[in-house]
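[1] Sequence and computational prediction follow.
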Amino acid sequence: MTTETDQSPNLLQTARNQFNNVADILGLETGLRKVLLTCKRELTVNFPVQMDNGTAEVYTGYRFQHNVARGPAKGGIRYHPGLTPDDLRALAMLMTWKCATVDIPYGGAKGGGVVDPKNLSQPELERLTRRYATEISLMIGPDTDIAAPDVNTDSQTMAWIMDTYSMQKGYSVTAVVTGKPINIGGAEGRGEATARGVQYVIREACREKNIQLEGAKIAVQGFGNVGATVARLLAEDGALIVAISDSANGLYNPQGLDLKNVTIYQQEHHSLAGYPNADGISNQDLLGLDCDILIPAAFENQLNGQNAGQVKAKIVVEAANGPSNLEADRVFHDNGIFLVPDILANAGGVTVSYFEWVQDLQSFFWNEAETNRRLNTIMSKAFGEVHKIAQERKVDMRTAAYILAVGRVAEACLTRGIYP
Ligand code: NAD
């Protein structure tokens, strides 16, 4: 399972540009800008792993913490052969802003290993993960830095990290990671949390834009963990899911797709291709479909200066991280398209990770209904706060979310002051 995007060479530059735009609006002074543009801690580890054939390989891993002024660092661990320190700097920074947007008491972090897990056996992957966890145990911990799944890592990876950390402490420390299996302290509802958060902000956006969600036409790019779940949840709200796609194929039915049938077909054929009750559609055409809501839920850099002008949806909701670049933002703004940015739209995942951590620390667990109720409260409040700033300052929703998030982190830094 992957939970985040592939790397982009421009990720860090884009993240810094977005920050600088808002730092200008907020009038942040130079020293504070330097603090917020820089990762607080960057750990690189090179470590051997015993392979199944008896040889040893040396792997490189990282754990970066961007800012911890508002609380312990929080962020995913990804395994990817193209992982670079600059990607991690950008992604850690984005985590700081995302946590601040929804006002949960965390700073941002990111980590991972330079490895393609598909080339490793399961025992090799376990040994690599346990050794990596040991190497970064200098930094991670329930009070310091809480890890989670990301690209090419999953609940099993988190279980190995949690167990390794616990073995070194001599007792179980469930709160060192989130996204764990439920039987070792995972949270009910964590699997669907990102999609639920997207559903909640879509309900808010529809209210603001006077769009009836029941009967609204929705196109979803990416039919994975987030995309398929959000499509199902919105169909339960009465929306018509007119198009979906994965990396290879797209389906279009203006009357609405029967998602249960599509899912059964996909499981049986390991592909969407050839599904009988829909036409095929390319990913580019899907983005330009005549619909009410477009949900990019695949990966980054899908909407840019070239194709954003073709978008006909009234609302674009970024379930994926970084699916639109700055030029696309400008086009959407000029064309009156209402954009719900990633740091708000997909923050449901980290919010329920926060709930998981809280439950682990208290050894007191909630049911899924309780999780969803609290998630709805947080997502709706964050949407309202971002929308208010957008209206008051006459800026787009992304700029508004950054004003809110960067403002909160800057305020925390200033309140704490510089040590010593
Ligand atoms: P996933 O791997 O489960 O699903 C991704 C989907 O996108 C797959 O269906 C894949 O086939 C499809 N895809 C890949 N390339 C595509 C292309 N060119 N065109 C159309 N579809 C394509 O991943 P996911 O966990 O659902 O994550 C999707 C996005 O949501 C990522 O950007 C991720 O960073 C973001 N996100 C996920 C979570 C989470 O909790 N899973 C949290 C926050 C953000």
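    Now that the structure is in, tell me what you want to look at.
[2] what's the spacing between the nearest residue to K314 once chain neighbours are set aside and the ligand?
    Leaving aside its sequence neighbours, K314 sits nearest to D292 (C-beta to C-beta, 6 or more residues apart in numbering; 5.4 Å). Every C-beta, even on glycine, is put in place using the N, C-alpha and C of the backbone. D292 sits 20 Å away from the ligand, going by C-beta to the nearest ligand atom, to the nearest Å.
[3] my guess is D292 meets A219, correct?
    No: judged on C-beta atoms under 8 Å, D292 makes no contact with A219 at a distance of 9.1 Å.
[4] where do the contact lists of those two overlap?
    Residues touching both D292 and A219 by C-beta atoms under 8 Å, 6 or more residues apart in numbering: A313.
[5] Which one of those two is surrounded by more residues?
    When D292 and A219 are compared for neighbours, A219 comes out ahead with 28 against 21, by other C-beta atoms under 10 Å.
[6] helices or strands up against whichever strand or helix holds that one?
    Counting by DSSP states H and E, the element that carries A219 is strand 217-221. Helices and strands touching strand 217-221, by 3 or more C-beta pairs under 8 Å, 6 or more residues apart in numbering; DSSP states H and E, are helix 225-236, strand 240-245, helix 283-287, strand 293-296.
[7] Name the surrounding residues that touch it.
    Outside strand 217-221, the residues touching it (C-beta under 8 Å, 6+ apart) are 227, 230-231, 234, 239-245, 254, 256, 283, 286-287, 289-298, 302, 313, 320, 323.
[8] List only buried entries from the residues you listed.
    By neighbour count, with 16 or more other C-beta atoms under 10 Å, the contacts of strand 217-221 hold 227, 230-231, 234, 239-245, 256, 283, 286-287, 289, 291-298, 302, 313, 320, 323 as buried.
[9] do stretch 75-95 and the ligand meet?
    No: using C-beta under 6 Å from any ligand atom, stretch 75-95 stays clear of the ligand, with a minimum separation of 8.4 Å.
[10] Now do that stretch, average pLDDT.
    Averaged across stretch 75-95, the pLDDT comes to 96.
[11] about what we covered before: as JSON lines, the helices and strands packed on strand 217-221 with mean pLDDT would be great.
    Putting the helices and strands packed on strand 217-221 into JSON lines (pLDDT from 0 to 100) gives the following:
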{"stretch": "helix 225-236", "mean pLDDT": "97"}
{"stretch": "strand 240-245", "mean pLDDT": "98"}
{"stretch": "helix 283-287", "mean pLDDT": "96"}
{"stretch": "strand 293-296", "mean pLDDT": "98"}
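[12] Residues of this structure that sit close to the ligand?
    For the chain, the residues in contact with the ligand (C-beta under 6 Å from any ligand atom) are 1-5, 194, 221-227, 245-247, 283, 297-299, 319-321, 346, 349.
[13] about what we covered before: check contacts around the residue nearest to K314.
    By C-beta under 8 Å, 6+ apart, the residues touching D292 are 211, 216-218, 313-315.
[14] Please identify the buried residues of the top strand by length along the chain?
    What stands out as the longest strand in the chain, according to DSSP state E, is strand 56-67. Buried residues in strand 56-67, counted by 16+ other C-beta under 10 Å: 59, 61-67.
[15] Please apply the same query to stretch 319-336.
    Going by neighbour count (16+ other C-beta under 10 Å), the buried part of stretch 319-336 is 319-325, 328-329, 331-333.
[16] quick check, nearest of these to N21?
    Closest to N21 out of these is D329 (10.3 Å), distances taken as C-beta to C-beta.
[17] that's a strand at the closest one, yeah?
    No: D329: not assigned to a strand; according to DSSP: H, G, I helix; E, B strand; the rest coil it is helix.
[18] I'd like to know how far it sits from V173.
    41 Å (C-beta to C-beta, to the nearest Å).
[19] how about the helices in the protein?
    Under the criterion DSSP state H, helices of the chain are mapped to 11-26, 30-37, 85-101, 122-135, 155-169, 193-209, 225-236, 259-269, 283-287, 326-334, 342-345, 348-362, 368-393, 397-416.
[20] Counting neighbours, what do you get for the residue of the chain found nearest the ligand?
    As assessed by C-beta to the nearest ligand atom, the ligand sits closest to G224 within the chain, at 1.7 Å. G224 has 17 neighbours, counted by other C-beta under 10 Å.
[21] F383 contacts E204, doesn't it?
    Yes: in this structure, F383 is within contact of E204 by C-beta under 8 Å, at 4.2 Å.
[22] Sketch out the low-pLDDT regions of the stretch 151-300 of the chain for me.
    Scanning the stretch 151-300 of the chain for pLDDT under 70 picks out no residues.
[23] residues touching the nearest residue to I343 once chain neighbours are set aside, list them.
    Nearest non-adjacent residue to I343, counting by C-beta to C-beta, 6+ apart: K98, 4.5 Å away. Applying C-beta under 8 Å, 6+ apart to K98 gives the contacts 108, 342-343, 346-347, 350, 405.
[24] again, only this time at 7 Å
    For K98, the contact set (C-beta atoms under 7 Å, 6 or more residues apart in numbering) comprises 343, 347, 350.
[25] How confident was the prediction at it?
    The model's pLDDT for K98 equals 98.
[26] Give me the distance between it and L287.
    24 Å.
[27] Quote the end-to-end distance of stretch 25-36.
    One end of stretch 25-36 sits 15 Å from the other (C-alpha to C-alpha, to the nearest Å).
[28] Quick check: closest non-adjacent residue to N367.
    Nearest to N367 is E188, by C-beta to C-beta, 6+ apart, at 5.8 Å.
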